[in-house]
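Undergrad: Sequence and computational prediction follow.
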Amino acid sequence: MEWLSCIKKTIDYLEKHLCDEVSVRDAAESVYVSPFFLQRGFSVMTGCGIGEYLRSRRLYEAALDLRNTDDKIIDIALRYRYETPESFTKAFSRFHGATPSQVRAGAVIRVFLPFRINLTISGGNQMDYKITQMFSFRVIGFQKVFDYETAYAEIPKFWDEICEKYAYNVYAGSAPANAYEQALVDNCIGEYGVCIDDMDGGRFRYLIAGRYAGGEVPDGMVLYEFPRGEWAVFNCVGPMPDALQNVNTYIFKEWLPGNPDFEFCGNANMEWYDCVNGEKTDPDYHSAIWIPVRRKKG
């Protein structure tokens, strides 16, 4: 499905299910796209996540129901997927700046209308990228499960945790002190950040990883194999994280919607970091986003 149409259809699906129990995976299945790619693309193109969009639309519609009907507050709360009047009142007050009773009495509400997606192509297709065929390969890494809604804030903390536990010693030039530090050195762990979308419940796996060179896999670390296929490799130069975020925005707002030849496929993608040359804060730091793609059928 063409990407712009995919986002529009996702919004239509969410609007039809404001009063139903619906997840990111449900929305993704309705448009035949990976939940991870849909969540990322939706966030880039609209400025908020799918869960945030649902909450905001439900709270706005709930305010309209308070204004235009005599329905009990508890019935409106249940209608928009809140289990108790207390949880509804707390979320409602935070969103509108007024309680449900105050809104029913005439307090001002915050307006949140359905999104309308329009595409503007600017600058042509000038991004530094290439399509490359890659044989299957395996990565090894430290794994943690994240929620779609909080991942962007939590993943950097995971990197800090792993660096503090295992990386600083060897980065300082000391010999590996345990199997984890040895695996880090042998496989250049930290070269890749891998997102794997194979879980339910609005969650995905994230690996701080390196290309597996063989040998021991310490307890708690995992292997993941990418199949042979084509990849879109987007090069990036600049300090982290802004440089990669800018490239990511370009991919979803310009490259993907206007691309006549390729679409995303698979359920995993990677970020590559130069572990040899320079620091991530350098203005000429080199990184990349790797995304598996397939050619569109004519």
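TA: Nice, I can see it. Residues are numbered from 1 along each chain as shown.

Undergrad: quick one, phi psi at Y80?
TA: phi -100, psi 30 (degrees, to the nearest 10).

Undergrad: What sits closest to it if chain neighbours are left out?
TA: R58 (4.1 Å; CB to CB, 6 or more residues apart in numbering). Bear in mind the C-beta positions are built from the backbone N, C-alpha and C, glycine included.

Undergrad: any low-confidence regions in the stretch 101-250 of the chain?
TA: 118-127 (pLDDT under 70).

Undergrad: Now do the helices in this structure.
TA: With helices called from DSSP state H, the chain shows them at 3-16, 24-31, 35-46, 50-68, 73-79, 85-96, 100-104, 151-162, 168-171, 179-187, 242-250.

Undergrad: Pick the most buried one from the ones you listed.
TA: helix 35-46 (a mean of 23; mean count of other CB atoms under 10 Å).

Undergrad: which residue sits closest to the residue most central in space within the chain, ignoring its sequence neighbours?
TA: For the chain, the residue lying nearest the average C-alpha position, counting by CA atoms, centre = their mean, turns out to be R40 (4.0 Å). Excluding its sequence neighbours, the residue lying closest to R40 (CB to CB, 6+ apart) is F252, at 6.8 Å.

Undergrad: can you pull the contacts of the one you found?
TA: The contact partners of F252, by CB atoms under 8 Å, 6 or more residues apart in numbering, come to 3, 40-41, 44-45.

Undergrad: Domain boundaries for the chain, per the record?
TA: 3-104, 129-295 (automatic domain parsing).

Undergrad: Now do the first one: distance from first to last residue.
TA: Put plainly, it is domain 3-104. Length of domain 3-104, first residue to last, CA to CA, to the nearest Å: 40 Å.

Undergrad: Could you tell me how far that domain lies from the centre of the chain?
TA: 19 Å (CA atoms, centre = their mean, to the nearest Å).

Undergrad: Look up how far N277 lies from F36.
TA: 29 Å (CB to CB, to the nearest Å).

Undergrad: Do a quick rundown of the strands in the stretch 151-298 of the chain.
TA: With DSSP state E, counting those that start in this stretch as the criterion, the stretch 151-298 of the chain has strands at 192-196, 203-211, 221-226, 229-237, 262-264, 268-273, 286-295.
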